[in-house]
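Peer 1: any chance you could fold what I've pasted below:
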Amino acid sequence: MSKSPLHDDIRACLDHRGEDGASVDELLHDLQQRGSDADRATLRRALRELTRSGDAVRLDRDLYGAPGTSPGLVGRLRFVGTRYVVEVGQERIVVDESQLGEAIAGDVVNVVVSDQAGKGPSRGVVTRIVEAAPRNVFAISRRVGRFYILQSPRIDEPMLLMDERARAGGMEVRIAGRAASRRRVRTGLPLAPLIALMDAPARPERAAPAAKPGRHGKAEAPTTDAPDKISASDAYRYVRRGELNVQALLDQLAHGMGVDGEFPPEAVAQSVGLQAPALGEDDIDLTDEPLVTIDGETAMDFDDAVSARQRGREVEVLVAIADVSHYVQADSALDVEARRRGCSVYLPGRVYPMLPERLSNGLCSLVPGELRRCAWVRMRIDEQGDVTWYDVGFGVMRSRARLTYTSVQAHLDGRELVGDETVATSLASLFEAYQRLLRKRQRRGMLDLELPESVVDLADDGASVRGIVTAPRWDSHRLIEECMLATNETVADFLSSRDLPCIYRSHDEPNPDKLEQARRFVAALAGVSLPPDRGVRPIDELMELIRAVEGHPAERVANYSVLRAMQKAAYSVSTHGHFGIGATRYAHFTSPIRRYADLEVHRMLRVALEDRAADPMTLRRATMRLEESAQASNAGELRANSAERFAQRLLKARYMLDHVGEEYDVIVTGVQRFGAFVAVPEGDIEGLVHISDLGAEYMQYHEPTETLRGRSSRRVIAMGDRLRVRCQRVVLHEGRIDFVVVEAPVEVEAPVEPVESGLDEPG
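Peer 2: The predicted structure follows:
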């Protein structure tokens, strides 16, 4: 490529800027100082030519540097369609197979942009593997011609199995390199697919016993539009046919999906060597505060405690959070394992924790009466629900009591809770703060869906399912949720005000097409007319739809249709706000025991409180580390959500296995050509009524209205209808429940106990 004076001037400007690099605006300014008349379009074209030739590197979306200035961008490598891409935030960088090095799809990699196209995607080169996906995995094999193709939830890329013992089914394998291009077959494999060898007998091993049951996080909410690593049908292939023991079923499912029970020996050894806390020189002593934990009855790890008091017309709320960052140092064995996991995984009756039990249930857990290290946030809340003042810091605390949602709700309803009068007074102030915060969020705009949360009730020995119950949602739950939401938002604002990087929890506005589809469906269901383009905020329109179907038999179906229109919340160092809770900036801070993103935010809070100026390169390195951690947190959350969702479906099928032949009133939740999906309201148990099991009459699918219609009687089955059905069969290893209609649609309101749910988990 021919060189030009403009190229020389740009290289000189980049050399002068050094490690900090230069934005396009800064380069324009520098070039003007040199007498250049280049405009923005000419400069961008020249920068593309320089990065393509290797005479410049792209540091960020709009930032460039001299060669060797930056280690590049960090993202997760994926195999999408027919090519490899590195996902960096919302951007995708295409990587040719020849530029992969040893990386495989699933690795978090460092990529340097080599060619920045105009309208198409940029192209890049993988320079190093930041965090490797496992090379020894459990995978499902299927035969395609003379090849065996492997899929694993832990490797985002199909593989060829090269082993004379190969057969279809599940097996432990290890990746041994890449094949020559001639190995490519018509199965979606890349040109040079991974080669895997059998590493163990073709049968999944039982996972090690999991830790004791832990807390199922506060305000758990379904996540929509998550790109599953594996399909549900593949997930249930990890389950052995004929197995009925619930604990064994969960172990097999978790093991196959890459959810780990055991910790590496070095991480366990490091946790054992940690000592109980002591008050440091800069720590604040909070032991006199009436702090209490409020959790579910089965909780084992307590990572937040709360108290409050009146200050004139304002309420001062104190939130204390377990100080995990004191014990888990960055890049230690504990930290590496925690980041690899990303978060704890909660399955019915058990938890696969992010941290060893010595920390999660011991030193970091805010158990009553024990001295514990904490990060804390004080907030003063006025009558309008605004946080007028706040302070943050680290210190030590001692919980006064371990309370439950049930006991606190009883206290709010007028019963005596504890003999400690200061705790009772604190709870009254907390309730007042909760009401103020909730009113503020409702005015600001929030998504408040009514969705049932079903809980699997296991038998005492854990071998069978005793029942599926719908969990209540009380003011005691929402009190904690509002305190955690306010705390998370306050910490995000604090770090942003210090110009420090942070892992934000971002949630974009809903997809307009999906929102319009949900709007039409709910409006038709409720019999209301809501014309589009009325100048109403999307969040207000959604809440208008939700309120329109309150008390309707198909309220749950309508709420899920709205939920499916939502984008997926995710972690990133950049943020466009959080649509679901109406926040400009929002970060997860309140659950560092079970979420890695929270732990990293705690570390940045320490940096902020040390109040030392950081040079640009240090900040850039910190930002890169946080982006890597955000990627790991997203991957861990995806794995956890998939495992929890599949486990719920599997155990509901296990429960119905003991109830084949029984009849239920169900709600139609979806209609397809092959039949109707239905749900038993009590327990939210979903199954299928095949089109041949809808009655004696022949039913036809009407696509424009998404209904099934009788050929002779004109009977119509649509979403939201009620049917009387009988459980016909259960295929456990597929998580499938089949029903057959025994009566025509019935007009009976669903006895559903609604459960409040947002789109994120504040605690």
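Peer 1: need the contact partners of stretch 272-284.
Peer 2: Outside stretch 272-284, the residues that touch it by CB atoms under 8 Å, 6 or more residues apart in numbering are 285, 323, 326-327, 358-359, 363, 371-373, 376, 393-396. For glycine as for every other residue, the C-beta is placed from the backbone atoms N, C-alpha and C.
Peer 1: and that stretch, what's buried?
Peer 2: Neighbour-count burial for stretch 272-284 flags Leu274, Pro277, Asp283, Ile284 (criterion: 16 or more other CB atoms under 10 Å).
Peer 1: toward the C-terminus from the helix or strand harbouring Tyr84, list the very next helix or strand.
Peer 2: Element membership for Tyr84, per DSSP states H and E: strand 83-88. As assigned by DSSP H and E, the chain's next helix or strand after strand 83-88 is strand 91-95.
Peer 1: neighbouring strands for that next one, and are they parallel or not?
Peer 2: Looking at strand 91-95 with DSSP bridges, its partner strands are strand 83-88 (antiparallel), strand 122-131 (parallel).
Peer 1: ok, back up a step: pLDDT of the strand holding Tyr84, averaged?
Peer 2: In this model, strand 83-88 has an average pLDDT of 86.
Peer 1: likewise for stretch 363-380?
Peer 2: Mean pLDDT, stretch 363-380: 96.
Peer 1: what separates that stretch from the chain centre, distance-wise?
Peer 2: With CA atoms, centre = their mean, to the nearest Å as the basis, stretch 363-380 stands 25 Å off its chain's centre.
Peer 1: please point out which parts of that stretch sit buried.
Peer 2: Residues 363-367, 372-380 are the ones in stretch 363-380 that count as buried (16+ other CB under 10 Å).
Peer 1: return the member of those residues nearest to His659.
Peer 2: Relative to His659, the closest of the buried residues of stretch 363-380 is Ser365; by CB to CB it sits at 38.0 Å.
Peer 1: before we move on, back to that, export the buried residues of stretch 272-284 to CSV and append columns for pLDDT, secondary structure and distance to Arg585.
Peer 2: Listed next are the buried residues of stretch 272-284 as CSV, based on pLDDT from 0 to 100; DSSP: H, G, I helix; E, B strand; the rest coil; distance: CB to CB, whole Å:
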residue, pLDDT, secondary structure, distance to Arg585
Leu274, 89, coil, 33
Pro277, 76, coil, 30
Asp283, 84, coil, 27
Ile284, 92, strand, 25
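Peer 1: any chance of those residues in CSV, plus distance to Arg726?
Peer 2: Below are those laid out as CSV (distance: CB to CB, whole Å):
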residue, distance to Arg726
Leu274, 56
Pro277, 59
Asp283, 63
Ile284, 63
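Peer 1: out of these, who's nearest Asn641?
Peer 2: Nearest to Asn641 among the buried residues of stretch 272-284: Leu274, at 30.3 Å, using CB to CB.
Peer 1: from Ser464, how far off is that closest one?
Peer 2: Per CB to CB, to the nearest Å, Leu274 is found 39 Å from Ser464.
Peer 1: do the same with Tyr238
Peer 2: To Ser464, Tyr238 is 20 Å away according to CB to CB.
Peer 1: who has more neighbours out of those two?
Peer 2: Shown here are Tyr238 and Ser464; by other CB atoms under 10 Å, Tyr238 has more neighbours (23 against 17).
Peer 1: tell me how far that one lies from Leu651.
Peer 2: For Tyr238, the distance to Leu651 equals 14 Å [CB to CB].
Peer 1: and Gly720, by the same measure?
Peer 2: Applying CB to CB to Gly720 and Leu651 gives a distance of 27 Å.
Peer 1: look at the two and report which has more neighbours.
Peer 2: With neighbours defined as other CB under 10 Å, Gly720 and Leu651 compare such that Leu651 has more, 25 against 21.
Peer 1: so that one sits against Arg466, correct?
Peer 2: No - here Leu651 does not reach Arg466: they are 10.9 Å apart, not a contact under CB atoms under 8 Å.
Peer 1: and Ile140, what does it touch?
Peer 2: By CB under 8 Å, 6+ apart, the contact list for Ile140 reads Leu150, Gln151, Ser152, Gly169, Gly170, Ile230, Asp234, Arg237, Tyr238.
Peer 1: I misspoke; the intended subject was Ile381.
Peer 2: Residues near Ile381 by CB under 8 Å, 6+ apart: Glu314, Val315, Glu316, Val317, Val387, Thr388, Ala433, Arg436, Leu437, Ala486.
Peer 1: Pro290 now?
Peer 2: For Pro290, counting by CB under 8 Å, 6+ apart, the contacting residues are Ser307, Arg400, Asp420, Thr422, Val423, Thr425, Ser426.
Peer 1: what number of residues lie near the second one?
Peer 2: What it means is Arg400. 21.
Peer 1: list phi and psi for it.
Peer 2: Per-residue torsions, Arg400: phi -80, psi -30 (degrees, to the nearest 10).
Peer 1: what pLDDT does it get?
Peer 2: Here the pLDDT value assigned to Arg400 is 95.
Peer 1: the last one too?
Peer 2: Turning to Ser426, the model gives it a pLDDT of 96.
Peer 1: need the contact list for it.
Peer 2: Here Ser426 is in contact with Pro290, Val292, Ser307, Ala308, Arg309 (CB under 8 Å, 6+ apart).
Peer 1: for the spatially most central residue of the chain, pull up the helix or strand it's in.
Peer 2: With distances taken as CA atoms, centre = their mean, Glu637 lies nearest the centre of the chain, 3.9 Å away. Glu637 is located in helix 616-657, with elements delineated by DSSP H and E.
Peer 1: helix 616-657 and whichever helix or strand comes after that helix, what's the angle between them?
Peer 2: Sequence-wise, the next helix or strand downstream of helix 616-657 (DSSP H and E) is strand 663-672. If you take axes from the mean of the first three to the mean of the last three CA atoms, to 10 degrees, strand 663-672 sits at 130 degrees to helix 616-657.
Peer 1: partner strands of the helix or strand following strand 663-672 and their direction?
Peer 2: Beyond strand 663-672 in the direction of the C-terminus, DSSP H and E gives the next helix or strand as strand 675-680. Paired strands of strand 675-680, with direction, are strand 663-672 (antiparallel), strand 685-690 (antiparallel) (DSSP bridges).
Peer 1: could you check the shortest one and say which residues are buried?
Peer 2: Judged by neighbour count using 16+ other CB under 10 Å, the buried positions of strand 685-690 are Ile685, Glu686, Gly687, Leu688, Val689.
Peer 1: quick one: contacts for the nearest residue to the first one once chain neighbours are set aside?
Peer 2: Looking back up the chat, that one is Ile685. Using CB to CB, 6 or more residues apart in numbering and skipping the chain neighbours, the partner closest in space to Ile685 is Lys652 (4.9 Å). The neighbours of Lys652, taking CB under 8 Å, 6+ apart as the test, are Ser454, Val456, Val465, Ile468, Gly683, Ile685, Glu686, Ile737.
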